[in-house]
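>>> A predicted structure for the sequence below; I have some questions about it.
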Amino acid sequence: MGAVWMARRLCLLLLLLLNCSLALPHLAGVDQCADGSDACHIDAICQNTPTSYKCTCRPGFRGDGEHCEDIDECDSEHNGGCVHECNNIPGNYRCTCHDGFSLAHDGHNCLDVDECLFNNGGCQHVCVNTMGSYECRCKDGFFLSDNQHTCIHRSVEGLSCMNKEHGCAHICRETPKGGVLCECRPGFELAKNQRDCMLTCNHGNGGCQHICEDTEQGPVCRCHGRYSLQSDGRSCVEREEAAATTSDHNVTSLADVDKRVKRRLLMETCAVNNGGCDSTCKDTSTGVRCSCPVGFTLQPDGKTCKDIDECEFHNGGCDHFCRNTIGSFECSCRKGFKLLTDERLCQDIDECFFERTCDHTCVNSPGSFQCVCNKGYTLYGLARCGDINECSVNNGGCRHTCENTMGGFQCHCHAGYRLHWNKKDCVEADGFPAEAALAKPTLNCSKHGGAEHCYLTCQSQVNISSGTEDSYTVTCGLPLPGVSGGQWNDSGTHCLGSDAACGHRIKTVATFKSGPGKCSLKRSQDKFTESFNTALTDKRPLPTENVQFSFVRLHCSSSGRRQRSRHGRKAGEDEGSSITAQFELDVNLEEVTAEGCDLACVRRRSEKRLKKTIRTLRKSINREQFHLHFAGSEYELAKKLPQPVDTSEHCGTGQTLVNKKCVSCSVGTYYDTNQGRCVSCPAGTYQDEEGQVSCEVCPGPEDGRTTPRATGARSIAECGGQCSPGQFSPDGFVPCRPCSRGTYQPEMGRTFCFPCGGNLITKHDGAVSFQACETKVQCSPGHYYNTSTHRCIRCPVGTYQVEFGQNYCVACPGNTTTDFDGSTNITQCKNRHCGGELGDYTGYIESPNYPGDYPANIECTWIINPPPKRRILIVVPEIFLPMEDECGDYLVMRKSSLPNSVTTYETCQTYERPIAFTSRSKKLWIQFRSNEGNSGKGFQVPYVTYDEDYQELIEDIVRDGRLYASENHQEILKDKKLMKCLFDVLAHPQNFFNYTAQESREMFPKSFIKFLRSKVLRFLRP
């Protein structure tokens, strides 16, 4: 008895040495599994027992419970039951399919995807689905281009790659000696006859549904264990005996019998029909145990696996849209958003980030954007801004003549009349007191301590406008009426018009470099103010320059030059700014003498003094000693900014800080430098532009009588005391009289009313528009009423009319025109400019008026001539051409203008699926033509030139159907930001070092990176 007891004690001691967990005493009522004091593996299940606890490895793991390791279900003879690829994951596995296949409902089999059902597979003509892939074919008279999607007209002249008789099954290349050389698409090999192409398992799995093996005769197909090969030698179906066994089992499983007896009767084992399991089968002491892969759930029968619809629960975690797929799901976003790399969340696309989104100002909003034009311009073509021809609308409201200018217009009066304060009416010059002369812009320069100090003083007619980032424009005074910038000679010193138009005025333009630092119009410090005041007193020497100009325009623009290291990394920045100054100076006619100097002599003297003044000003700007004085404050130009801090001192002129952002003062307000904020214009003043530092004085009656005034006036019309529309008075101020019958007045503060004309009358007094005139016919939009013939006339080409019953047509903005007469909307105004020669590393071609509809009967020609030893890669994200025109509108890319030259791309229809291809010739001739039929949005096609040493790699990428098979990949080719990054690296490979691996992962989906990596590794393989 003692020996037995001693043996038992020895066994217990050995157990203690082998497993320390047994040495832990189990306290009654303590659940060691719950309090975490157990020794079970992280992948094990802990079960509490009355005396201790038990560790059991979780399903998908094996071991003793204290040590568990993952079971690699894919490392088996049956590949985990997956017919294509098996991916092991901790505790489970997932089946995936090759490109061109989708996972079946059982989570293991792979079924062919019919690519032709979606957008015709991207084929221009005919799409033919094949097992694991698809083919594009062309109609008679066409042949397939190198990109294997679009079709090209077949040439009947000569034996070349433009003639199908070349015999190449896939791709034809012309040799320098005039012959042809055949090539094959990725996944094919050139046959021994050097013409045909043999399919391999690398393309569409060789046309096999399950297993593909390459042989000398071509791909040979086999099926997975539970399937048999069909007569077509490609498809696989489940064996009948396997299906029958599964059916019998399902019937038996419904019987209400003991499970152990049922298993004995059926002799269940994983070796027979996979134990009846849809997915994984595991033999246990109590029978088989079935489990399902990720994305599926085991049904109550314990055998069947059912797909989980992840979209039913919290929308699958997707921000916008969730689409369930077999074994998984996909997220997608609304238009104007893009899917992030987590493939769940959606991010707004900031369209304003891209260049040329809008001509003037772009305002981004969630999922969209809006283009806004500057004052005096209007929007056309969805994103372009054109000058408004105000003179085309009722003569601009001018009493006499109207002259259109860029961004505005001017009214002029006949001889013997002067312009009224409303700048539209003309009143007799005699009998009225002379108007007080406006103070002219004055430039004062003086020398202090050997340095030139210059101050430009503007006391009236000051305007400040902001352009792009770090740029601004300041104007002071009035430019010469009737003379635009194009009517001066090239040097800008002589007016090319008549003496009357030029007004004996000299104009000059000069550019000054102001050194390092960005453009910044900032209020000067006190020391500069004191310096300015001192310079204007008698305490200092007389100024070296004192010139009064009629008009001054200063435009400051910043430029940045980045320096890069030999690896393309940023090494430093060198930023500078420049000021372009335009001066208009009136010749002093008092200097003209009969004996000494005529007008030409005085002009030469004035030009000589002006040149000297420019030299002095240049020295002042170079030493940063040039200041601008207006609105009671002094400002310095183009000073280098310190490090930004959170204060309004670092906002631009006329701006204030709101929620940590610089915002321009709105119309009706101005920036008060003393208070450091925007304040409303005082009563008797107005401001009709944003970002100004002063308000203009409101006009008033000439007899001195007072009129009611309002604060915060946003235009002259809001100054108060003026006649309302439909009224007039001798000076435009109250008291007013209504327009008599037969006349009308649409504006405030006018001195007369417009007659209806043609003896037409109005129904009542005080009419405010021509539409109140009782015409004999009612004209519809697209027409205007002719008061002479009393007929409706169609608006001429280049004009339009939106409203009923008007007596004018509105001129199209800018350089736009309409396709035909009788236009009814500004959207019918289109820019016809297009074509040109291109030769940069990157660029684009776009249809005229893009993104608006292109004009009719247009012909555009571009020529891309890349730098030496470079080839052309083109991406067509999408193209919109009306299909009902029978190829009346088309885009073609050829080697030259000759019809039978080598053609790279040709289309005459809408093509929303992106396509990328390389040019078949080093030089590319591109033509776009439209007929007079239907129009469309057209296209914007970017291109990049790359080193010809990468020709094989680039062609391998763009010809592979996997580039277009995934919707995520297609979105990349449409994403301007991502394409810009890709083109940047293709054009300059050293720029690759500018993008970190993390940035690449954040920009591109994993599948795209995997796709490119495989191509690059194959290219670099020796």
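Nice, I can see it. Numbering: from 1, shown residues only.

>>> where in the stretch 901-1022 of the chain is pLDDT low?
Where the stretch 901-1022 of the chain drops to pLDDT under 70, the residues are 961-969, 992-1003, 1005-1007, 1021-1022.

>>> please enumerate the helices of it.
Along the stretch 901-1022 of the chain, counting by DSSP state H, counting those that start in this stretch, helices occupy 951-958, 962-965, 967-974, 976-987, 997-1003, 1006-1020.

>>> which of those is buried the deepest?
helix 962-965 (a mean of 21; mean count of other Cβ atoms under 10 Å). (Glycine included, C-beta is placed from N, CA and C.)

>>> quick one on the thing from earlier: between the helices of the stretch 901-1022 of the chain, which one is closest to Arg553.
Counting by Cβ to Cβ, Arg553 lies closest to helix 976-987 out of the helices of the stretch 901-1022 of the chain; the figure is 34.6 Å.

>>> run a quick neighbour tally on Gly888.
By the criterion of other Cβ atoms under 10 Å, Gly888 has 16 neighbours.

>>> quick one: Glu837 from Glu452, how far?
45 Å (Cβ to Cβ, to the nearest Å).

>>> one step back: which one of the helices of the stretch 901-1022 of the chain lies closest to Ala271?
Short answer: helix 1006-1020, nearest of those by Cβ to Cβ, at 37.1 Å.

>>> by contact count, what packs against the helix ranked longest in the chain?
Looking across the chain with DSSP state H, the single longest helix is helix 599-622. Secondary-structure packing of helix 599-622 (3 or more Cβ pairs under 8 Å, 6 or more residues apart in numbering; DSSP states H and E): strand 442-448, strand 451-457, strand 505-516, strand 545-548, strand 570-586.

>>> and the ones you listed, which is most packed in?
The most buried one of those (mean count of other Cβ under 10 Å) is strand 451-457, showing a mean of 21.

>>> partner strands of that one, with direction?
strand 442-448 (antiparallel), strand 626-630 (parallel) (DSSP bridges).

>>> and Lys423, which of those is closest to it?
Nearest to Lys423 among those is strand 626-630; the distance by Cβ to Cβ comes to 21.7 Å.

>>> what pLDDT, on average, does the helix or strand just after the closest one get?
Later in the chain than strand 626-630, the nearest helix or strand by DSSP states H and E is strand 633-636. Mean per-residue pLDDT for strand 633-636: 71.

>>> related to what we said a few turns ago, kindly reformat the helices of the stretch 901-1022 of the chain as JSON lines containing distance to Pro293.
Below are the helices of the stretch 901-1022 of the chain laid out as JSON lines (distance: least, Cβ to Cβ, whole Å):
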{"stretch": "helix 951-958", "distance to Pro293": "32"}
{"stretch": "helix 962-965", "distance to Pro293": "23"}
{"stretch": "helix 967-974", "distance to Pro293": "23"}
{"stretch": "helix 976-987", "distance to Pro293": "33"}
{"stretch": "helix 997-1003", "distance to Pro293": "27"}
{"stretch": "helix 1006-1020", "distance to Pro293": "20"}
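
>>> of those helices, which is nearest Glu545?
Taking Cβ to Cβ, helix 976-987 is the member of the helices of the stretch 901-1022 of the chain nearest to Glu545, at 48.3 Å.

>>> show me what that closest one is packed up against.
strand 842-846, strand 938-947, helix 967-974.

>>> save the strands paired with strand 451-457 as JSON lines, and put in mean pLDDT and distance to Gln970 too.
Conversion of the strands paired with strand 451-457 to JSON lines gives the following (pLDDT from 0 to 100; distance: least, Cβ to Cβ, whole Å):
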{"stretch": "strand 442-448", "mean pLDDT": "84", "distance to Gln970": "60"}
{"stretch": "strand 626-630", "mean pLDDT": "81", "distance to Gln970": "53"}
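
>>> turn the ones you listed into JSON lines, columns for distance to Val902.
Below are the strands paired with strand 451-457 laid out as JSON lines (distance: least, Cβ to Cβ, whole Å):
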{"stretch": "strand 442-448", "distance to Val902": "62"}
{"stretch": "strand 626-630", "distance to Val902": "59"}
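
>>> of those strands, which is nearest Gly218?
That would be strand 626-630 among the strands paired with strand 451-457, by Cβ to Cβ, at 80.0 Å.

>>> can you tell me which residues contact Glu390?
Shown in contact with Glu390 (Cβ atoms under 8 Å, 6 or more residues apart in numbering): 396, 402, 404, 408-409.

>>> what is the nearest of these to Cys779?
Gly396 (21.3 Å).

>>> SS state for the closest one?
The three-state assignment at Gly396 reads helix, by DSSP: H, G, I helix; E, B strand; the rest coil.

>>> what does Cys678 give?
strand.

>>> pLDDT at the residue nearest to it when sequence neighbours are not counted, what is it?
Leaving aside its chain neighbours, Cys678 sits nearest to Cys665 (3.8 Å; criterion: Cβ to Cβ, 6 or more residues apart in numbering). Looking at Cys665, its pLDDT reads 87.

>>> Cys665 against Val658, yeah?
No - if you go by Cβ atoms under 8 Å, Cys665 and Val658 don't touch, sitting 10.5 Å apart.

>>> the more surrounded of those two?
Neighbour count, other Cβ under 10 Å: between Cys665 and Val658, Cys665 has more, with 23 against 12.

>>> name all residues that make contact with the more buried one.
654-656, 671, 678, 690-692.

>>> can you say which of those are buried?
654-656, 671, 678, 690-692 (16 or more other Cβ atoms under 10 Å).

>>> about what we covered before: any idea of the mean pLDDT for the longest helix of the chain?
If you average the pLDDT values across helix 599-622, you get 85.

>>> residues in contact with Glu391?
Check again: residue 391 is Cys, not Glu. Per Cβ under 8 Å, 6+ apart, neighbours of Cys391: 398, 402-404, 409, 811.

>>> in three-state terms, label it for me.
Following three-state DSSP, Cys391 is assigned to helix.

>>> distance check, Phe409 against Pro90.
For Phe409, the distance to Pro90 - Cβ to Cβ - is 74 Å.

>>> check Phe329 too.
From Phe329 to Pro90 the distance is 21 Å (Cβ to Cβ).

>>> between those two, which has more neighbouring residues?
Phe329 (21 against 11).

>>> and the more buried one, what does it touch?
309-311, 316, 318, 322-323.

>>> between those, which is nearest Gly36?
For the contacts of Phe329, the nearest to Gly36 is Glu310 (32.1 Å; Cβ to Cβ).

>>> show me what contacts that closest one?
Taking Cβ under 8 Å, 6+ apart, one finds 295, 316-317, 322, 324, 328-329 in contact with Glu310.

>>> in PyMOL, select just the buried ones from the residues you listed.
A single PyMOL command is used to select the members of those judged buried by 16+ other Cβ under 10 Å:
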select buried, resi 295+316+322+324+328+329
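
>>> my guess is Arg750 contacts Phe728. True?
Yes - with contact defined as Cβ under 8 Å, Arg750 reaches Phe728; the gap is 5.2 Å.

>>> the two - which one has more neighbours?
When Arg750 and Phe728 are compared for neighbours, Arg750 comes out ahead with 26 against 23, by other Cβ under 10 Å.

>>> mean pLDDT per helix and strand in the protein: which one sits at the bottom?
Ranking every helix and strand in the chain by mean pLDDT, DSSP states H and E puts helix 2-18 at the bottom, with a mean of 39.

>>> next secondary structure element downstream of that helix?
Helix 2-18 is succeeded, C-terminally, by helix 32-35 (DSSP H and E).

>>> hang on, isn't Val797 packed against Thr817?
Yes - under the criterion of Cβ under 8 Å, Val797 makes contact with Thr817 at 6.2 Å.

>>> those two - which one has more neighbours?
Just comparing Val797 and Thr817: by other Cβ under 10 Å the higher neighbour count belongs to Thr817, 18 against 13.

>>> give me the pLDDT value at the more buried one.
94.
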